[in-house]
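Enquirer: Predicted coordinates and the sequence they were generated for:
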Amino acid sequence: MERSSMEGKHYSAYMVRKSHESLKFTTVLDVGAGDGAYREWLSDDLPGVTWIAVEAWAAYRRKYRLHEKYHRVIIAHIRTLDPETLPPVDLVIFGDVLEHMTKDQAQTVVKRYLERARLILISIPIKHYPQGIINKNPYEVHVKDDWSHDEVMASFPDICTAFVHVKIGVYLLSRDPDVRSALWHIQESLSKSQESLFQKP
């Protein structure tokens, strides 16, 4: 995704920051890095972390100077990238990425990376959200443009926390018992005032 919606980003930043404080991340994999938005948004929340970008559209590397924002940039589609070729990763960010593939493909990709990463963050449109080619980039097409919150919850059984904005849902997934416990405590500690703040675009 060239540029992600700002919906759900306050919640994402809060949960990532609190998770890092508890779990001490060292490496983040940003899938579909686009213009590097997640690197910019979360840089203050993840100090000292190594960032790896995966971007399918090679032109974005030069256009957005991704090599200056990330420690490593991989030009590949996440569906064909072998996770065994990557170093151990703490957090994988699928920021507005999974809608660019079929449901089966999205489930397969998430499952593969859940086996390698401690935590996965998914940000995805949960309303009818069609999108075509942008700036000649065919990877910008929304292959599945009708995800719903209920379908996301049913499709990814390792979801620990969920946050629904107007059009975007944010989900944190893990199979690690320590991570799941940490997420539960973080979610439980949220106040009503904090939750209302997250609803702001």
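Expert: Sure, I can see it. Worth saying up front: this structure is predicted, and the values here are computed from it rather than measured.

Enquirer: Give me the below-cutoff pLDDT ranges for the chain.
Expert: 1-6, 132, 138-139, 141, 191-197, 199-201 (pLDDT under 70).

Enquirer: ok, now with 50
Expert: Residue ranges of the chain with pLDDT under 50: 1-2.

Enquirer: would you list every one of the strands in it?
Expert: 27-31, 50-55, 72-75, 89-95, 117-125, 159-164, 168-173 (DSSP state E).

Enquirer: Just send those strands back as a markdown table, with mean neighbour count and distance to Glu188 too.
Expert: (C-beta placed from N, C-alpha, C; glycine too.) Formatted as a markdown table, these follow (neighbours: other Cβ atoms under 10 Å; distance: least, Cβ to Cβ, whole Å):
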| stretch | mean neighbour count | distance to Glu188 |
| --- | --- | --- |
| strand 27-31 | 25 | 25 |
| strand 50-55 | 22 | 29 |
| strand 72-75 | 18 | 35 |
| strand 89-95 | 24 | 21 |
| strand 117-125 | 24 | 17 |
| strand 159-164 | 19 | 10 |
| strand 168-173 | 24 | 14 |
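
Enquirer: how about those, which one is nearest Gly8?
Expert: For Gly8, the closest of the strands of the chain is strand 168-173, at 4.1 Å, according to Cβ to Cβ.

Enquirer: Run through the residues that contact Glu99.
Expert: By Cβ atoms under 8 Å, 6 or more residues apart in numbering, the residues touching Glu99 are Ala106, Ile124, Pro125, Tyr129, His142, Val143, Lys144, Asp145, Trp147.

Enquirer: Quickly check the residues you listed for the two that are furthest apart.
Expert: Counting by Cβ to Cβ, the most remote pair of those is Ala106 and Tyr129, 14.3 Å apart.

Enquirer: higher neighbour count, these two?
Expert: Ala106 (25 against 17; other Cβ atoms under 10 Å).

Enquirer: What's the biggest helix in this structure, counting residues?
Expert: helix 9-23 (DSSP state H).

Enquirer: Only the buried residues of it, if you could.
Expert: Lys9, His10, Tyr11, Ser12, Ala13, Tyr14, Met15, Val16, Lys18, Ser19, His20, Leu23 (16 or more other Cβ atoms under 10 Å).

Enquirer: what comes into contact with that helix?
Expert: 25, 41-42, 45-46, 49, 90-91, 118-119, 121, 123, 161, 163, 165, 170, 172, 178-179, 182-183, 185-187, 194, 197-198, 200.

Enquirer: just stretch 58-65 next, same as before
Expert: Against stretch 58-65 from outside (Cβ under 8 Å, 6+ apart): Glu2, Ala33, Gly34, Asp35, Gly36, Glu55, Leu66, His67, Val73, Ile75, Asn137.

Enquirer: List the buried residues for it?
Expert: Tyr60, Arg61, Tyr64.

Enquirer: Go through the residues you listed and name the one nearest Val110.
Expert: Tyr60 (22.5 Å).

Enquirer: any idea how far the closest one lies from Thr27?
Expert: 21 Å (Cβ to Cβ, to the nearest Å).
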